[in-house]
Structures are given as C-alpha cells and as structure tokens.
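# Just to be clear, the model below is a prediction. Sequence and coordinates:
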There are 2 protein chains.
Amino acid sequence: MENAMPDVYEPTERTVPTRAKERAAYDHELVHSILDAAYVCHLGFVRDGAPVVLPTLYARVDNHLYLHGSTGSRPLRMAGEPDPGLPVCVTVTHVDGLVLARSAFHHSINYRSVVAHGTAYQVTDPEEKRAALDALVDGVIAGRSADSRPANGKELAATAVLRLDLAEVSAKVRTGPPNDEPEDAMLPYWTGVLPLTTTYAEPIPATDLDPSVRLPAYLTGP
Amino acid sequence: MENAMPDVYEPTERTVPTRAKERAAYDHELVHSILDAAYVCHLGFVRDGAPVVLPTLYARVDNHLYLHGSTGSRPLRMAGEPDPGLPVCVTVTHVDGLVLARSAFHHSINYRSVVAHGTAYQVTDPEEKRAALDALVDGVIAGRSADSRPANGKELAATAVLRLDLAEVSAKVRTGPPNDEPEDAMLPYWTGVLPLTTTYAEPIPATDLDPSVRLPAYLTGP
C-alpha cells in the first residue's frame, strides 16, 4: 500500500499559500508525521453559506483521514444527506514554540500545521467503520483499542465516521530563531525561542476502578 | 465597559449544539476565560463556496476578537474587498485530558472550546490597530509588548488586523471521569483520566543575543 501512494501531494491553487511560500511543503512523509502526532483537528464546513469550524477527533489510516462524530451531529448528518458528501477543510496544528524577536513585528510562533481540502463521505462499510474507530482510539493512546471493550452493534450504529481521502493537502512549518532586522541587533530586549511541550500529568483512576487493575504499560511511558 | 456587556451570549440556532447540549454554555465569564487562555485559534471562512480553516493568532479585548494576518493573506484581503466584511467562524480549543473508559465507545476528551460566528472587518483606525497588535503580543506572553521595539509605520502597514465582535458565541466543556455503562463496571480495563498540560521548556536564547541582556521575569515564571 505504502508504495502505491505518491511521495508528494500535488500542489493546487488553494494549497499554495499567498505568503510565506517557503514554509509550505507537500511531502508525503512530513504531512503524515504532522497528522499522526495529533488526534484533534479543526473540521471546517459550510452551512447555509456560512463557515463552521468544530474541534473533532480524527485518525489517519494510509491515505485516508477518519473523522469521528455522532450520527446526530451536523457535519455527519450533512455528509449523509441526499446529495452525499460534504466539502470540508481539515486543519491540524501543533504549536512548538514562541518566537520572541526584539521587534514586536517579528514575533512569531514555531508550528507545524496541515490543511487538507476535499469532500468527506460517511463510512458505511461495517469493517471499515470498525477499523476506523480502532484507529481513532489508538490515535489518542497507542494500544488502547485492544485493551477496552469493543463497540457493540448499538454503539456502532450510534457512531458516525467520515472519511476524507488525502489529495489536496499541504503542510506549513516554521522552526528556528527569530528573524530580526539587522539594525535591531543591539536593542536591549531578550530574544530567542520558548519551546512548548504537551505533557501528561499523573493518571487519575476512576473512583470505581477495581484496585486489582494495574496501570497499563502504555500509560506509564514517557 | 465591563458592566455594559451582557453576562450571557444569547443562544442562536447555530450556537445550540445538536448533541451534548448539556455541555454548551453561553456564560460571558466562561467564554472569555477560555479565549484568554489561548492565542492560536482556527479561523474558518468560505472561499469560492468551499470552507477554509487556518491557524491564526488572536487576542480578546473587551468584547472583540482581534485576528492577526499579513495584508497579503487570503482572509485579510477578502475582508477588505469591495463589499467589506468576511463571514467567519473562530474556534478555540484546549485539550485538558484523555478520558479512558472501559468501553471503546465511551472514550472521550476533556476539553474547553469556544465557537464564535460573525462577520470580521479589517481594522483601519491606527490607534485601534496598534492596541490590537499589543494585545496580540501580550496574549502570547504577558508583558512582552512593553519589552520589545514597537512596530514602525512600515511594519504597521504590512500587518492587517481583523476584528470580530463577540455576539453569537458558545462555549463547550467536558470535564470529569468516564461515563461507562453500569454493566461494564467489572471489566478488567484500567479506567480514568490522563490530564494534559502544556509546559514551557528552557528558553533558547538567539545566538546573537547580547550576553548582558538578562532573561526577563515574565519568562522565568511557572
């Protein structure tokens, strides 16, 4: 499967940014690495002519993004309506650091983001849906889907999954130090980068957890 | 000013969710606290009938959101075009924890999000623009705008700022433990919450930083 995928997503008019073009990338591996490092995207769609953006769980499987929802949620219902398919924009952003320049103007953020455009469809095949839901759980915590009760038929029916095939996709990345103007070099302001990381605090067991159940290895790692 | 603002944003058809209604809130103080705890939003707008979602810096001042951009960026240009004003959806999301239920179906995320709908306008008043840019810098690091070189005329002209008045706004919050089915209570899976926090690593000074410039107090705090 991997070999059949292109190494680069073909740039299109809407995936070429109007500014900071040098930060845009279409590299398959980079795009996937950014997508795989997160599990909450911002799903954009159009409703009555106006934009709507909702935080949504997602997972990547090969060249597909699977988006999670309830069958009652708006985008999921819209994707299944008479003329099926919902035009979407799925955006994933990691904030990696704060860039403090000497000038207010050159302050920036180090980030990695992916923007994917396309039409999302409801997944109706039960096998594909089950695999997508496993990927959604494992995307949040690797190994968890095998260590929980699988969805039963009623739960599967109450869950809707959208699929977006990755085709019109771009990544945008900023790294490194501030880009101050040369004439500002002597200004007396601290300048550099403040790196950000997301960390897990101590797990909080549910109050009714059977005390004989040990904390699984996938929660004790770094 | 504060007293003139409503305590609650009036719910509208599009700010009342179709599901998990009990998680929705319109409380002024809650909405503002969620907005003030972040500085990157996901800005949605419609271009050629299709949705676009871009990560964007923002800051709240009173009942306005200010969004940062370059004058060349698409949403900023669109907001200033002949028929001015750009319909937008601005969404801010904090992921606070991973909710591990015994069943795959009840896995969830603890989060706080705000969704704001409305029409954004380019800020043209120089005073308002300068104040908005200070708020954008201070929203990332409190106190930083006073400890950097202010934008000069050329830089101000190269920066565009959009303003969205907060009116059609809702918050959505999930907190607390998993909601497993009672019949799953005896399943042998660990269950609870994995809290997430964003932390700052050691600041990385720019290589050309004058060694006599000390790390400012606003970067040494917790």
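Here it is on my side, so go on.
# So what's the gap between the longest helix along chain A and the chain middle?
Secondary structure of chain A per DSSP state H: the longest helix is helix A:126-140. Helix A:126-140 sits 15 Å away from the centroid of its parent chain (C-alpha atoms, centre = their mean, to the nearest Å).
# Contacts for that helix, please.
Outside helix A:126-140, the residues within contact range by C-beta atoms under 8 Å, 6 or more residues apart in numbering or on different chains are A:36, A:39, A:57-61, A:66, A:68, A:123, A:144-145, A:148, A:150-151, A:156, A:159, A:161, A:163, B:98, B:104, B:107, B:109. (C-beta placed from N, C-alpha, C; glycine too.)
# any residue of the helix or strand of chain A with the lowest mean pLDDT up close to chain B?
Least confident helix or strand of chain A, by mean pLDDT, DSSP states H and E, is helix A:74-79 with a mean of 76. Yes - contact of helix A:74-79 with chain B (C-beta under 8 Å from any C-beta of the partner chain) involves A:Arg74, A:Arg77.
# Chain A: helices as residue ranges?
Under the criterion DSSP H, chain A contains helices at A:28-36, A:74-79, A:126-140, A:153-158.
# I'd say A:Ala101 and B:Arg144 touch.
No - under the criterion of C-beta atoms under 8 Å, A:Ala101 is not in contact with B:Arg144, lying 10.1 Å apart.
# Out of the contacts of helix A:126-140, which end up buried?
A:39, A:57-61, A:66, A:68, A:123, A:144-145, A:148, A:151, A:156, A:159, A:161, A:163, B:98, B:104, B:107, B:109 (16 or more other C-beta atoms under 10 Å in any protein chain shown).
# Can you pull the residues that touch both of A:Ala101 and B:Arg144?
What both A:Ala101 and B:Arg144 touch, as defined by C-beta under 8 Å, 6+ apart, is the set A:His107.
# which one of the helices of chain A is the most hemmed in?
helix A:74-79 (a mean of 21; mean count of other C-beta atoms under 10 Å in any protein chain shown).
# which residues make contact with it from outside it?
The contact list for helix A:74-79, computed with C-beta under 8 Å, 6+ apart, reads A:43, A:45, A:47, A:52, A:54, A:56, A:67, A:69-71, A:85-86, A:88, A:120-122, A:160, A:162, B:18.
# Stretch A:92-99 too?
So stretch A:92-99 is contacted by A:34-35, A:37-38, A:40-42, A:58, A:106-114, A:174-175, A:177-178, A:193-196, B:40, B:42, B:55, B:140-141 (C-beta under 8 Å, 6+ apart).
# For that stretch, list every residue counted as buried.
A:Val92, A:Thr93, A:His94, A:Val95, A:Asp96, A:Gly97, A:Leu98, A:Val99.
# what mean pLDDT does that stretch have?
Stretch A:92-99 carries an average pLDDT of 97.
# How about the contacts made by the residue of chain A positioned farthest from its centre?
When distances are taken from the C-alpha mean of chain A, A:Met186 lies farthest, 40.2 Å away, according to C-alpha atoms, centre = their mean. With contact taken as C-beta under 8 Å, 6+ apart, A:Met186 is in contact with B:Asp210.
# Equivalent analysis for A:Val46, please.
A:Val52, A:Pro87, B:Val46, B:Gly49, B:Ala50, B:Pro51.
# again, only this time at 10 Å
With contact set as C-beta atoms under 10 Å, 6 or more residues apart in numbering or on different chains, A:Val46 has these partners: A:52, A:78, A:86-89, B:44-46, B:49-52, B:87, B:89.
# where's the dip in pLDDT among the residues you listed?
pLDDT across these is lowest for A:Met78, at 77.
# any idea how far that one is from chain B?
Separation of A:Met78 from chain B (C-beta to the nearest C-beta, to the nearest Å): 11 Å.
# quick one: pLDDT of the residue farthest from the centre of chain A?
Here the pLDDT value assigned to A:Met186 is 93.
# what's it sitting at in phi/psi?
phi -100, psi 0 (degrees, to the nearest 10).
# now for stretch A:141-149, what's the gap between its first and last residues?
15 Å (C-alpha to C-alpha, to the nearest Å).
# for the record, mean pLDDT for it?
96.
# what's the answer for stretch A:206-222, then?
88.
# That stretch close to chain B?
Yes - counting by C-beta under 10 Å from any C-beta of the partner chain, chain B is contacted by stretch A:206-222 at A:Ala206, A:Thr207, A:Asp208, A:Leu209, A:Asp210, A:Ser212, A:Val213, A:Arg214, A:Leu215, A:Pro216, A:Tyr218, A:Leu219.
# Please pick the buried ones from those.
Applying 16+ other C-beta under 10 Å to these flags A:Ala206, A:Leu209, A:Val213, A:Pro216, A:Leu219 as buried.
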